[in-house]
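Novice: got a predicted structure here, sequence first:
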Amino acid sequence: MREFIYKKMLLRRRFCKRIIVIAIVFIASFYGSVLLFGNLKGPQIIQLTNLDRCPACYGVTVCPELYSNQIILDSTHWSSMFNVRNIFYGYTKSNRRVVLKKLGHDWEFREFDEKICKIMNLSESCNVKALLNISNIDQKVIDIVQYNLSWPDTEPRKGIVLCPYAYSIYDLLHPLLNNRNGNYKSEMINIWTMLNINPEPILLQVIPKTKGWPVPAYGGVCGRLEVVAYEGESLSSLANIPWLKKLKYAQKILSASMDFTFKHDKFRFYLMDWSLDNIVANEKDEISFVDLEDVVILDKNISPKKDLPDWYQRYNREALGPGFTFSIENMCRHHLSDHNIWAACYVLAGDDNPFLYPIPKEINSTRPHFDRLLHSCLHGDDKFRTAGKLQHVIEDMLLDEKIIALGTIR
């Protein structure tokens with residue numbers, strides 16, 4: 001009996017010791033962060049930029065505003081110290097809300113930094129400033145684009161897939177390089193870095209909000225930090241809003257799918273992540289797509305070579321299995337794909353938390369064809385035609401006084 005009691009006491013002591021050790025580690029980490037960052041409000045902007053990693057960074061366009069305190073962080077110590085996604089919030093001196101994004105996880109930056117010197121054929125422990133001495137940065141940019149076109153099996157793609165030919169990257173970058181008067185090599189290293197980590201700052205300048213694209217307003221970059229306007233709450237957090245408001249958002253999601261496919265005079269932008277987490281809406285009911293990391297960009301004006309025998313045929317998405325599935329290879333081999341249309345309809349009516357479902361019984365009884373059109377947009381042969389019909393039907397519904405009277409129905 002005594003031996004049993006002794007073993008029980010020993011187990012309790014070991015358990016208590018483990019709890020104490022865990023507590024000490026947590027407290028040490030907590031106060032270590034406080035000492036490092038200076039206060040309980042989390043890291044200051046100067047510590048988020050990682051300017052010491054330039055030119056292997058995104059650029060320096062918004063650094064003056066950050067370092068003169070024109071933008072202030074607005075984050076609690078919990079969201080800052082344990083912020084795995086590296087997304088922070090702030091506001092300007094004029095009280096406009098902004099989002100500050102590092103565009104990668106800490107482990108991704110560590111992995112990238114460990115490879116930079118090797119990729120650039122420099123000494124193993126090179127200083128990043130040595131990148132300014134390389135002579136083949138243009139080829140390195142082509143190489144990363146070409147790598148993403150090769151459908152690698154050993155490592156995941158990084159950044160955009162630009163197809164069908166890698167040389168189109170310079171047409172894509174033209175608006176960026178044409179509007180700058182800085183050091184060309186430094187800027188190209190910035191672009192190479194973004195293509196390796198996250199190309200969102202590039203895309204926000206190619207398809208800017210100022211020209212009517214449904215994306216966040218671009219503020220600029222500083223080191224490894226991007227600043228964009230806060231454009232509202234995610235649709236995933238608005239699941240309980242009135243159904244009529246959901247219908248308004250659905251109309252704009254369909255319009256966005258058409259814009260990404262047709263609006264640009266040279267490129268099509270096929271978004272790979274249509275999650276409701278990545279579509280936000282503001283107080284004016286305007287929507288924005290806030291995650292542009294994974295995008296297939298198609299140069300629609302190329303002269304196809306013999307490797308593209310089906311280029312002038314339209315690619316209609318085939319059934320590839322349940323869920324949000326698609327074929328990048330097939331998208332890149334045809335001048336036009338219905339991917340964005342199907343993806344928009346999947347968000348609205350697909351298998352995974354469809355935004356428009358359940359459709360109110362009052363709508364189903366008066367507009368039974370609406371549900372059929374949504375199904376056809378997902379599974380039909382001509383999704384472009386179906387999307388046009390859907391837009392027309394939704395427009396009529398939003399003007400129908402009987403449906404407007406149902407505005408509070410959820």
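Specialist: Sure thing, it's come through. In this text, all values refer to a predicted model and were calculated from it rather than measured experimentally.
Novice: poorly predicted segments of the stretch 151-300 of the chain, please.
Specialist: Scanning the stretch 151-300 of the chain for pLDDT under 70 picks out 151-159, 178-182.
Novice: what ranges does it have for its helices?
Specialist: 169-178, 184-197, 200-206, 243-262 (DSSP state H, counting those that start in this stretch).
Novice: which residues outside the first one are in contact with it?
Specialist: Taking contacts as Cβ atoms under 8 Å, 6 or more residues apart in numbering, the residues outside helix 169-178 that touch it are 141-142, 145, 162, 184, 187, 191, 202, 205-206, 266-267, 297, 299. Bear in mind the C-beta positions are built from the backbone N, C-alpha and C, glycine included.
Novice: would CSV of those with distance to R53 and neighbour count be doable?
Specialist: Below are these laid out as CSV (distance: Cβ to Cβ, whole Å; neighbours: other Cβ atoms under 10 Å):
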residue, distance to R53, neighbour count
V141, 18, 19
I142, 23, 16
V145, 22, 23
L162, 25, 26
Y184, 20, 12
E187, 16, 17
I191, 15, 23
I202, 18, 24
Q205, 21, 16
V206, 24, 22
K266, 32, 15
F267, 30, 19
I297, 26, 25
D299, 31, 19
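Novice: closest to N95 out of those residues?
Specialist: Q205 (25.2 Å; Cβ to Cβ).
Novice: is the closest one in contact with Y218, as I believe?
Specialist: Yes: between Q205 and Y218 there is a contact under Cβ atoms under 8 Å: 6.1 Å.
Novice: count residues in the vicinity of the nearest residue to G104 once chain neighbours are set aside, would you?
Specialist: In this structure, G104 finds its nearest non-sequential neighbour in I197, 5.1 Å apart by Cβ to Cβ, 6 or more residues apart in numbering. I197 has 23 neighbours, counted by other Cβ atoms under 10 Å.
Novice: same check, this time on the one 3 residues further on
Specialist: By the measure other Cβ under 10 Å, the count of residues near E200 is 26.
Novice: how much space between it and V215?
Specialist: Distance, E200 to V215, using Cβ to Cβ, to the nearest Å: 9 Å.
Novice: mutual contacts of those two, please.
Specialist: L292.
Novice: all strands for the stretch 201-350 of the chain, in order.
Specialist: 218-222, 225-229, 233-234, 267-271, 279-281, 287-289, 295-299, 314-315, 336-337 (DSSP state E, counting those that start in this stretch).
Novice: what lines up beside the fifth one in the sheet?
Specialist: When sheet partners are counted by DSSP bridges, strand 279-281 sits next to strand 233-234 (antiparallel), strand 287-289 (antiparallel).
Novice: any idea which of those strands is most buried?
Specialist: Burial of the strands paired with strand 279-281 is given as mean neighbour count (mean count of other Cβ atoms under 10 Å); strand 287-289 ranks first at a mean of 23.
Novice: for R97, phi and psi?
Specialist: For R97, the backbone dihedrals (degrees, to the nearest 10) come out as phi -70, psi 140.
Novice: fine by me, we can end here.
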